[in-house]
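Trainee: Structure, please.
(one chain, ligands or ions: 1)
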Amino acid sequence: MDLLELGLAGKVAIVTGASEGLGRACAERFARSGARVAICARRKEILERAAEEIRRATAAEVLAMPADVTRPQEVEAFVTATVRQFGGVDILVNNPGTSAAAAFGQVDDQTWEADIDLKLMAAVRFCRLVIPHMKRRGGGRIINVTTIGGKAPAARSLPTSVTRAAGINLTKSLAHEYAADGILVNTVCLGLVKSAQWERRAGGDREAYYREVARRVPLGRVAEAHEFADLVAFLASERAGYITGAAINFDGGMSATV
Ligand SMILES: NC(=O)c1ccc[n+]([C@@H]2O[C@H](COP(=O)([O-])OP(=O)(O)OC[C@H]3O[C@@H](n4cnc5c(N)ncnc54)[C@H](OP(=O)(O)O)[C@@H]3O)[C@@H](O)[C@H]2O)c1
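Mentor: Residues are numbered from 1 along each chain as shown. Predicted coordinates:
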């Protein structure tokens, strides 16, 4: 197979929400390409297990620190620890989130605020802390995880379609503002990808669950987490040096919008 050289060896990548699911797949993908990886999540035991598995599989350096991305002090402590251990930051993947789709009348203030905190403010805070380090290194890459609902909201998709639209806008705003500093900012708008959140929801027969939801997908299947991680690794790589401010659908053709 022809190998696309990504130029990720020696880079420092922060992946948030990386003990399971898509974040974990990204962290492992970066580690396989020779990057040093800093990961966080709330549940310490699962996080440490993920870090150990990635170290064993790739021999990469992995810093794992429990942190809730909705708590500014924990976010700051995690970024500080990453810079102390690895000397800077080249790549940031803002990943944590959860499905929060309901009818407008059912969403109270607390639910709105929690979703904005988790999906928007966490990314804002990480970007604020990490961008000065990227500037110091002459550039960097930020990849924000959002959803296709942020471009084309369905009925009963609140608050998530609004917070994801804000994430897409944040991506474009930062891309314009920091292009001159060599910091490239993109977002991946997700459809359906296999991950821990769906497996919790599916209960026993996860493959039957995936087959059922895949009916909504033109390509007829739910994506694998490693396929998503390949896209993120590409966006973070030297091969993607002319891509910034893009909102890329990763949805098997599901979205009505380009
Ligand atoms: N998979 C899909 O089909 C799909 C579709 C649309 C959008 N997305 C988005 O893609 C992202 C990843 O989803 P996923 O499917 O991989 O989810 P997942 O399987 O539930 O994994 C989520 C990861 O984030 C961590 N996390 C959650 N809340 C956190 C917090 N407050 N602070 C720090 N870490 C936190 C979790 O660990 P702890 O619980 O231990 O903190 C876990 O490691 C999310 O933003 C999600 O909304 C996914």
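Trainee: what's in contact with stretch 68-87?
Mentor: Identification of contacts with stretch 68-87 by C-beta atoms under 8 Å, 6 or more residues apart in numbering yields 12, 14, 16-17, 36, 38, 40, 42, 61, 63, 65-67, 89, 96, 114, 117-118, 121-122, 125-126, 129-130, 133. The C-beta positions use only the backbone N, C-alpha and C, and glycine is treated the same way.
Trainee: Could I get the phi/psi values of Ser157?
Mentor: With angles defined as degrees, to the nearest 10, Ser157 sits at phi -120, psi 30.
Trainee: Can you get me a residue count around the nearest residue to it once chain neighbours are set aside?
Mentor: Among residues not flanking Ser157 along the chain, Ala101 sits closest, at 4.6 Å (C-beta to C-beta, 6 or more residues apart in numbering). Other residues lying near Ala101 total 16 when counted by other C-beta atoms under 10 Å.
Trainee: sorry, back to before: and the contacts of stretch 68-87 near the ligand, which?
Mentor: Gly17, Cys40, Arg42, Pro96, Leu118 (C-beta under 6 Å from any ligand atom).
Trainee: Show me where the stretch 101-250 of the chain has its helices.
Mentor: Secondary structure of the stretch 101-250 of the chain by DSSP state H, counting those that start in this stretch: the helices cover 109-116, 122-136, 160-178, 196-202, 206-213, 225-236.
Trainee: between those, which gets nearest to Leu4?
Mentor: Of all these, helix 225-236 sits nearest to Leu4, with 7.6 Å by C-beta to C-beta.
Trainee: And the contacts of that closest one?
Mentor: Residues contacting helix 225-236 (C-beta under 8 Å, 6+ apart): 4, 6, 8, 11, 13, 21-22, 24-26, 28-30, 33, 90-91, 93, 141, 143, 184, 186, 188, 190, 193-195, 240, 243, 248, 250.
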